[in-house]
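sharing a model that was predicted from the sequence below.
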Amino acid sequence: MAKIKTVFSCQECGYQSAKWLGKCPDCGQWNSFSEEESVKPTKTTSRATIGRESRPKTINEVELENFVRYQTGIEEFDRVMGGGVTLGSLTLIGGEPGIGKSTLLMEVCGKLLKQYGNEKILYVSGEESESQVAGRSKRLGVNNDGFYIYNETSWQKVLEQVKAIKPKFLVLDSIQTTHSNQIESAAGTLSQIREVTYELMNYAKAYDLTCFIIGHVTKEGQIAGPKILEHMVDTVIYFEGDQLGQYRMLRVMKNRFGNTNEVGIFEMQEKGLVEIKNPSQYFLEQSIPGSYGRSLTCILEGSRSLFVEIQALVVENKFAVGRRTTQGLDSNRVALLVAVIDKYLGIPLSYNDIYVNVVGGMKLTSRENDLSVIASLLSSYYATPIANDTLFLGEVGLTGEVRSVPMMEIRLKEVAQMNYKKVITSKRIADDLKGKYKLELIGISRASELKNLLFK
């Protein structure tokens, strides 16, 4: 028999203690410990484990596997998955409540049934009734006889149905509501999530069962579990976006069968999620011609180039302290660029109220958009528009210098294909790539050169 021991586990980081602690010594969270039962193997179990026959192999003795992929027909989803759904893989999809995780997987199930009509899919819902799931599936056009719906939270009962139906795909909605009767702790606790995921992983790998797991997120935006859940699965995908907005972004953080940091963009409509095949046009199509305080830049999301618009509004300050409001950009980074304008361009911009926004709700964390932010601020300050066929690519340092950004050739190739005419970037990049693309590359060494270049 296995010996059962009571331990206290931190629900944020997984740290375990023999007694309850008010503050976790590992992650620093308060009141995060809960009592759980930990099962320790006996000596007999240990000897059985040690008795397995295994030995290290040389690299030439190891046979390489050829992964079988299923194409869903949703190009944005297949790109994020690395070219399709890999047979026998575990994919974890996390996101805020109501963002559209269940809707996305329901559409994926419908596409898989259309592509591979002889296969079976089991959709296990622990949060919604069977009628609710069936109503959504019919609304999305998923009414194939190979689609099975099961409302259950016990992992043992789910496993019985998996063995009876023998589906090729399994959707578990959600992992936090599924519990195993081998552990007496409540569903959603660290020990339950770890046990259910471990048993699911072993069965999926042994019988080539392709699994999609829906996971809740914490208030910090991380998948609840905590990180141990992300380590056990093959692919981790975050479904991001504003519930009040229309767009949704599917971003992969871990993928054992493909590239990480890939992104897919969808639009939420009444009939469901619709993929956006040209996201740059989506973010730029509603701009007013001749408006000032805006500029364009090109960012990289995985291997994809996206064109985004940065808007700035500079207003005379009526009070003592200037206000700084940003959306989609780090406010500290914007304050740094405002200081650079004050110091090296001789413009007293810091005495004004400044508002900066990234159109479409995008969140920019890299620094290739520094030059575009400065151009937008200057355009608003001088009330002079910037040509729509001009892009800005460059990082700006504290000494006012313009630095090059990585992977410029990929960006410039996409810029040329989108029929933009002019790119303002660092002088080094302009000298190295001049004449290679059908673009006018203008290189500048200092950010102060933008003043004479654009606003003579």
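Received it, and whenever you're ready, just let me know what you need. Residues are numbered from 1 along each chain as shown.

now do the contacts for R428.
Applying Cβ atoms under 8 Å, 6 or more residues apart in numbering, one finds that R428 lies in contact with S404, G443. The C-beta positions use only the backbone N, C-alpha and C, and glycine is treated the same way.

next one: phi and psi at it?
phi -60, psi -40 (degrees, to the nearest 10).

again with V405
Recorded main-chain torsions at V405 are phi -120, psi 160, according to degrees, to the nearest 10.

which SS state does the closest residue to it other than its chain neighbours fall under?
Residue nearest to V405 in three dimensions, not counting chain neighbours: E368, with 3.9 Å by Cβ to Cβ, 6 or more residues apart in numbering. Following DSSP: H, G, I helix; E, B strand; the rest coil, the label given to E368 is coil.

number of nearby residues for E368?
Per other Cβ atoms under 10 Å, the neighbour tally for E368 reads 23.

so it sits right up against E395, yeah?
Yes - assessed by Cβ atoms under 8 Å, E368 is found in contact with E395 at 6.3 Å.

by mean pLDDT, which helix or strand of this structure comes out lowest?
Least confident helix or strand of the chain, by mean pLDDT, DSSP states H and E, is helix 43-50 with a mean of 37.

list the helices and strands whichever helix or strand comes after that one packs on?
Sequence order places strand 69-70 as the next helix or strand after helix 43-50, per DSSP states H and E. With contacts taken as 3 or more Cβ pairs under 8 Å, 6 or more residues apart in numbering; DSSP states H and E, strand 69-70 sits against strand 85-86.

show me where the stretch 1-150 of the chain has strands.
For the stretch 1-150 of the chain, strands defined by DSSP state E, counting those that start in this stretch occupy the ranges 3-10, 16-17, 33-40, 69-70, 85-86, 90-95, 121-125, 147-151.

out of those strands, nearest to N388?
Minimum separation from N388 across those (Cβ to Cβ) falls at strand 90-95, 34.3 Å.

strand partners of the closest one, parallel vs antiparallel please.
Sheet pairing of strand 90-95 (DSSP bridges) gives strand 210-215 (parallel), strand 235-240 (parallel).

show me what that strand is in contact with.
Contacts for strand 90-95 (Cβ under 8 Å, 6+ apart): 81, 85, 101, 104-105, 175, 197, 200-201, 204, 211-217, 223, 229-230, 232-240.

at 7 Å instead, please
101, 105, 201, 204, 211-215, 217, 223, 229-230, 233-240 (Cβ atoms under 7 Å, 6 or more residues apart in numbering).

walk me through the domains of this protein.
As given by automatic domain parsing, the domain ranges for the chain are 3-49, 69-277, 282-454.

turn those into CSV, columns for distance to N60.
Output for the domains of the chain, formatted as CSV (distance: least, Cβ to Cβ, whole Å):
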stretch, distance to N60
domain 3-49, 29
domain 69-277, 23
domain 282-454, 32
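
ok, of these, where does mean pLDDT dip lowest?
Note on the domains of the chain: domain 3-49 shows the lowest mean pLDDT, a mean of 69.

list the buried residues in stretch 234-242.
Buried residues in stretch 234-242, defined by neighbour count with 16 or more other Cβ atoms under 10 Å: D234, T235, V236, I237, Y238, F239, E240, G241.

V334: which of those is nearest?
Nearest to V334, judged by Cβ to Cβ, of those is E240 at 21.8 Å.

which strand residues bridge that closest one?
M249.

shouldn't it be in contact with M249?
Yes - E240 is within contact range of M249, at 4.6 Å (criterion: Cβ atoms under 7 Å).

okay, now I341: neighbour count?
24.

which residues touch stretch 398-415?
Contacts for stretch 398-415 (Cβ under 7 Å, 6+ apart): 298, 300, 305, 340, 344, 368, 371, 391, 393-397, 423, 426, 428-429, 433, 437, 439, 444-448.

now do that stretch: distance to the chain's middle.
24 Å (Cα atoms, centre = their mean, to the nearest Å).

buried ones in it?
G400, E401, V402, R403, S404, V405, M408, R411, L412, E414, V415.

could you work out the end-to-end span of stretch 172-179 for me?
For stretch 172-179, the first and last residues are 12 Å from each other (Cα to Cα, to the nearest Å).

who touches it?
With Cβ under 7 Å, 6+ apart as the test, stretch 172-179 has contacts from 102, 124-127, 153-155, 187-188, 192-193, 196-197, 211, 213-216, 224.

please repeat the previous calculation with a cut-off of 8 Å.
So stretch 172-179 is contacted by 92, 101-102, 105, 123-128, 153-155, 158, 186-188, 192-193, 196-197, 200, 211-216, 224-225, 229 (Cβ under 8 Å, 6+ apart).

likewise stretch 101-109?
72, 74, 77, 85, 93-95, 121, 123, 128, 136-137, 140, 142, 147, 169, 171, 173, 212, 214, 239, 248, 250, 266, 272-273.

so how far is it from its chain's centroid?
Centre-to-centre, stretch 101-109 and its host chain are 16 Å apart (Cα atoms, centre = their mean).

CA atoms only for it, dumped as CSV, please.
Written as CSV, here are the backbone C-alpha positions of stretch 101-109 (Å, rounded to 0.1, in the frame of the first residue of the first chain):
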residue,chain,number,x,y,z
LYS,A,101,-11.4,29.1,-25.8
SER,A,102,-14.3,26.7,-26.1
THR,A,103,-15.5,28.4,-29.3
LEU,A,104,-12.1,28.0,-30.9
LEU,A,105,-11.8,24.3,-30.0
MET,A,106,-15.3,23.7,-31.1
GLU,A,107,-14.5,25.1,-34.5
VAL,A,108,-11.3,23.1,-34.6
CYS,A,109,-13.3,19.9,-33.9
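
residue boundaries of the helices in the stretch 101-250 of the chain?
Applying DSSP state H, counting those that start in this stretch to the stretch 101-250 of the chain gives helices spanning 101-115, 130-139, 155-165, 190-207, 227-232.
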